[in-house]
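K.L.:
Coordinates for the following, if possible.
(chains A and B)
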Amino acid sequence: MALKLYNTLSRKVEEFKPLVDGKVSMYVCGPTVYGHGHLGHAKSYISFDIVVRYLRYIGYNVMYVQNITDVGHLTDDADEGEDKLAVAAKKEHIHPMALAEMYTASFFEDMDTLNCVRPDISPRATGHIPEQIELVETLIEKGYAYEANGSVYFDISKFPEYGKLSGRNIEDMLAGARIAVSQEKKSPCDFALWKKAEANHIMQWNSPWGKGYPGWHLECSVMSMKYLGKTIDIHGGGIENQFPHHECEIAQSEAANGVQFVKYWLHNNMVTVNGQKMGKSLNNFINLKALFAGDHETLSRSYDPLAVRQLILQSHYRSPIDFSDAGLTAAQSGYDKITDAVIALRKAIANAPDGGVDAKIAEELEAIKTKFDNAMNEDLNTAVGLSVIFEMVKMTNALLDGGKATKGTLVAIDSLFRLLGGDVLGIVKDEYAAASAGDDELLDHLIGMMIQQRKDAKANKDYAASDAIRDKLAGFGILLEDKPGGECAWRRK
RNA sequence: GGCGGCGUGGCCAAGUGGACUAAGGCGCUGGUUUGCAAAACCAAUAUUCAUGGGUUCGAAUCCCAUCGCCGCCUCCA
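P.N.:
Residues are numbered from 1 along each chain as shown, chains lettered A, B, ... in the order given. Prediction:
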């Protein structure tokens, strides 16, 4: 069975067929770097991270480009207001490019923490000003754009397909009262390709139309074309970018090149916080660093980044997701359950009796993988994909409880955990920080002493003393687990 | 006003015409284990899929209506 993806352009789930056999070109709208990453970024980039990982898992050679927007978008709408980066930079008393640098680093850090694979290319908008100017020139030459008072606008009337992605028509939009009217534009729907800069505008470049800066849709068209070609397989982004951003990208690119810009348009849905829209202007967004540190008024604790990732994977990428403390706690519990099972499994491998893979288990693992593949092939049903991981957890725990599984069997299970849970879903790690021996040898000795004391107390039926030791360690985040046969293991919580 | 989505157990969430007497997670309850816990395992937890009609041999899944919620249309992932 082949991969199927929901294509916003056709509003249908379609079988995915790349332009070139075995290769996929994919562009995802990246962040505007004027603040730390937040939950919305997490949802979006984890969603597309899954797309990339799954495509690679099923054998495609993927070229993944995700831009960094470090200029140009305005605080208000396409034609008014200030450059968001400039506003933030002014507030922090640093140069806009220093601000962009800082938040770009922060963004990469957060995405690494969420275990998102790095894009192959992360092009910056400011690094592609000449290319953007070239595209504007091309559009003017071909009659799709016009200059007015040092700015250049795309002439929507020359591109009848405008609206095909978002299902809008120009008449309806003209009837709407919310479109800002500019004297320079022939039609209120025309959008800026290049904006004339006032003298006090920090970020500005020379152009054939005087000093200015690029319009806010231009960079994606240009960088997509430059690194992936005139027609690409997949373009992803948040659903709110469907209109106008992606609509404008299509207009610019297809007008300039005369060929289809993108085969498959993928859009992820939005995030709400406690049932309410999370928006920049609402100022209710939870930034990722605060989330990982538990440093937010609505959060009772910190959350493991991969538990956040798991929460996102529990629902479909095209569904909205609500973040709440309760939801995060539930996801964290589930994540811990998987992690504990995998750690226990890997520990057990060392002491397991030699032997090959149990035939029945091998068969079950095969069925599990098939179920996983089928779910993911249906427009990336990560919720079912995750449920498969939980089936493996159950299988693992049952086998470990039985204590008779061979090394070969356990290794086979671990391999599948690494493949499906690790390579594809990104929630199972290759290595976990040593929870007992190894690096923490000293800690292990010390806790071992406590465990021995507790054991002695228990032997004397001094349960008050033994429970006090357990409680005290729990207070430090150390959980004791009594095993059958009087053994006691410890792990961090 | 235009466009789109959603409403499934206490919570989250998959399923979108027939193996659904509805996956999975969290939670709760009972059991095994334990001195007691924790962890793990086993069992139980929706005769029902917002409501009312309709189509069909058959609907959570299709159609219509009603109610409720949400998003986009302005920067946002």
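K.L.:
Measure how buried the residue of the stretch 151-300 of chain A found nearest RNA strand B is and give me the count.
P.N.:
Residue of the stretch 151-300 of chain A nearest RNA strand B, by CB to the nearest atom of the strand: A:Gly238 (2.4 Å). Where C-beta positions appear, they are placed from N, C-alpha and C, glycine not excepted. A:Gly238: 21 surrounding residues under other CB atoms under 10 Å.
K.L.:
next one: phi and psi at it?
P.N.:
Note on A:Gly238: backbone dihedrals following degrees, to the nearest 10 are phi -70, psi 150.
K.L.:
and it, what pLDDT?
P.N.:
Note on A:Gly238: pLDDT of 92.
K.L.:
residues touching it, list them.
P.N.:
Counting by CB atoms under 8 Å, 6 or more residues apart in numbering, A:Gly238 makes contact with A:29, A:40, A:44, A:267-268, A:270.
K.L.:
Which stretches in the stretch 351-493 of chain A count as strands?
P.N.:
Ranges of strands within the stretch 351-493 of chain A are A:478-482, A:488-492, based on DSSP state E, counting those that start in this stretch.
K.L.:
Of all those strands, which one comes closest to RNA strand B?
P.N.:
strand A:478-482 (3.0 Å).
K.L.:
Just want the angle from that closest one to strand A:488-492.
P.N.:
150 degrees (axes from the mean of the first three to the mean of the last three CA atoms, to 10 degrees).
K.L.:
close to RNA strand B, is strand A:478-482?
P.N.:
Yes - using CB under 7 Å from any atom of the strand, we find that strand A:478-482 touches RNA strand B at A:479-482.
K.L.:
Just to be sure, A:Ala192 is in a strand?
P.N.:
Yes - counting by DSSP: H, G, I helix; E, B strand; the rest coil, A:Ala192 is part of a strand.
K.L.:
Quick check: bridge partners of it?
P.N.:
With DSSP bridges as the criterion, A:Ala192 is bridged to A:Tyr153.
K.L.:
Tell me if the helix or strand that contains A:Ala290 is near RNA strand B.
P.N.:
For A:Ala290, the enclosing helix or strand under DSSP states H and E is helix A:288-293. No - for helix A:288-293, no contact with RNA strand B is found by CB under 7 Å from any atom of the strand; the gap never falls below 11.6 Å.
K.L.:
Next, the buried residues of that helix.
P.N.:
For helix A:288-293, a neighbour-count test (16 or more other CB atoms under 10 Å) marks A:288-292 as buried.
K.L.:
ok, now stretch A:147-157?
P.N.:
Neighbour counts using 16+ other CB under 10 Å place A:147-148, A:151-156 of stretch A:147-157 among the buried residues.
K.L.:
ok so A:Ile234 is a strand residue?
P.N.:
Yes - applying three-state DSSP, one finds A:Ile234 inside a strand.
K.L.:
what about the spatially closest residue to it that is not a sequence neighbour, which SS state?
P.N.:
Spatial nearest neighbour of A:Ile234, chain neighbours left out: A:Met26 (4.2 Å); criterion: CB to CB, 6 or more residues apart in numbering. Three-state assignment for A:Met26 (three-state DSSP): strand.
K.L.:
and what of the one 10 residues further on?
P.N.:
When the structure is reduced to helix, strand and coil (three-state DSSP), A:His36 reads as coil.
K.L.:
count of residues packed around the residue nearest to it when sequence neighbours are not counted?
P.N.:
In space, and not counting its chain neighbours, A:His36 is closest to A:Asn287: 4.4 Å by CB to CB, 6+ apart. Using other CB under 10 Å, A:Asn287 is surrounded by 19 other residues.
K.L.:
Test my guess that A:Asn287 contacts A:Gly37.
P.N.:
Yes - here A:Asn287 reaches A:Gly37: they are 6.6 Å apart, a contact under CB atoms under 8 Å.
K.L.:
will you turn the buried residues of helix A:288-293 into CSV that also has pLDDT and distance to A:Met111?
P.N.:
Below are these laid out as CSV (pLDDT from 0 to 100; distance: CB to CB, whole Å):
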residue, pLDDT, distance to A:Met111
A:Leu288, 93, 9
A:Lys289, 93, 12
A:Ala290, 91, 16
A:Leu291, 92, 14
A:Phe292, 93, 12
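K.L.:
returning to that earlier point: between the residues of strand A:478-482 next to RNA strand B, identify the one with the most neighbours.
P.N.:
Using other CB under 10 Å as the neighbour test, these are led by A:Leu480, with 18 neighbours.
K.L.:
thinking again about what came up before, in a markdown table: the strands of the stretch 351-493 of chain A, plus mean pLDDT.
P.N.:
Listed next are the strands of the stretch 351-493 of chain A as a markdown table, based on pLDDT from 0 to 100:
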| stretch | mean pLDDT |
| --- | --- |
| strand A:478-482 | 87 |
| strand A:488-492 | 82 |
